[in-house]
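[1] Model the following, please.
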Amino acid sequence: MRNWGSSAAALAVMLCVAAPAVAKDTPKAEARALPPAMAALEKSLHPQTGDVRIPEAKAVMHLGDRYYFLPAADAKRVLVEGWHNPPETAEGVLGMVLAKDTTIFDNVWGAVITYEDTGHVADTDAQSQDYGTVLKGMQDGTESQNPERKQAGYPAMHLVGWAQPPAYDAGNHALIWARELALEGDPVNGLNYDVRLLGRTGVLSLNMLASMKDLGDVRTAAQSFGRSVSFEPGAAYTDFNASTDKSAEYGLAGLVAGGVALGVAKKIGLLAIILKFGKVILIGLAAFGAAALGFFRKFFGRKDGDEGTI
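    Prediction:
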């Protein structure tokens, strides 16, 4: 099998946490108790609300009190120690955003933040982008990888279609789209939500992966994120200087097809992580979302076949 974890510079990660199902009105005291090490990790985090600066992007996220931010060091610990992901998946992660009154182990989405110095992404042809062709290419690429996946003993994955077609907010220079994914044997389809915020010479990314049942909540968060970021003076999209600044080699359709993470995807084939309480599934999406890899690992020391309650 390929070594999917060779390197991960500036990795754009999309992930979601799914804990045991607990009704929203169930008191936390009645929820399943976390192992001591996980409870200690949760307690050691440093959540921030209000305005949060992302120095690498020269940007500020205005989160208010609806969401909270975990700084880079905390986010990396959550990814590696809490969610048992390979250390390389945390490289390039600048932080994480979660909804108010949720923990890192709740059955909710988590938005992982990365920034890539792509160059200036032109939006002059925003209205003429052919996202239908992009989707067809992604679907064909995903299907072409399924025989290899199944031969290796992994379930097939299918890109069902857009959960939200790509939409560009010219006023905020934000590109948002979502894909519906079906993993063979999984009764609930996955939801892959992307938010790209364009700056002068780079792109700030917030990547969310959840299930389709959470579409409403995730859509609300994505729309909020699309309006919540302001770039610092001199770093805004409109500050671009064509005579001195570099330009990206792709436009908005290229971002949807994997532009920001394309180079990394080709190297390691890993753009998305779904964590379920009993197993970890790593989903690899290369150019146009082509490569997909399912990988299951033990969590909290469970034996194979002992799923626990999802």
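[2] Ala59 pairs with what?
    Ile54, Phe231 (DSSP bridges).
[3] got the contact list for it?
    Arg53, Leu197, Gly199, Leu204, Val229, Ser230, Phe231, Glu232, Ala235 (Cβ atoms under 8 Å, 6 or more residues apart in numbering). No exception for glycine: its C-beta is placed from N, CA and C like everyone else's.
[4] hmm, which of the residues you listed are the buried ones?
    Leu197, Gly199, Leu204, Val229, Phe231, Glu232, Ala235 (16 or more other Cβ atoms under 10 Å).
[5] Using CSV, please lay out these together with pLDDT, distance to Val97 and secondary structure.
    Conversion of these to CSV gives the following (pLDDT from 0 to 100; distance: Cβ to Cβ, whole Å; DSSP: H, G, I helix; E, B strand; the rest coil):
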residue, pLDDT, distance to Val97, secondary structure
Leu197, 96, 13, strand
Gly199, 97, 18, coil
Leu204, 96, 12, strand
Val229, 93, 11, strand
Phe231, 97, 17, strand
Glu232, 97, 19, coil
Ala235, 97, 20, coil
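[6] Now for those: which two are most distant?
    Farthest pair in those (Cβ to Cβ) is Leu197 and Glu232. Separation: 13.0 Å.
[7] Pass me the low-pLDDT residue ranges in the stretch 151-300 of the chain, would you?
    259-300 (pLDDT under 70).
[8] so Ala90 makes contact with Gly82?
    No: the criterion here is Cβ atoms under 8 Å, and Ala90 misses it with Gly82 at 11.0 Å.
[9] got the residue ranges for the strands in the stretch 151-300 of the chain?
    Remark: strands assigned in the stretch 151-300 of the chain by DSSP state E, counting those that start in this stretch are 157-169, 174-183, 190-198, 203-211, 229-231, 272-276, 280-283.
[10] Any chance of the backbone angles for the residue of the chain positioned farthest from its centre?
    Here the chain reaches farthest from its C-alpha mean at Ser243, the gap being 33.5 Å by Cα atoms, centre = their mean. Here is the backbone geometry of Ser243 (degrees, to the nearest 10): phi -80, psi -20.
[11] what do you get for Phe240?
    phi -60, psi 130.
[12] quick one: contacts for it?
    Phe240 makes contact with His120, Arg200, Thr201 under the criterion Cβ under 8 Å, 6+ apart.
[13] Now render the strands of the stretch 151-300 of the chain as TSV, adding distance to Asp239.
    Below are the strands of the stretch 151-300 of the chain laid out as TSV (distance: least, Cβ to Cβ, whole Å):
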stretch	distance to Asp239
strand 157-169	18
strand 174-183	16
strand 190-198	11
strand 203-211	15
strand 229-231	8
strand 272-276	32
strand 280-283	36
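[14] So for Ala111, which of those sits nearest?
    When the strands of the stretch 151-300 of the chain are ranked by proximity to Ala111 (Cβ to Cβ), strand 203-211 comes first, at 4.5 Å.
[15] quick one: the closest one to strand 190-198, angle?
    170 degrees (axes from the mean of the first three to the mean of the last three Cα atoms, to 10 degrees).
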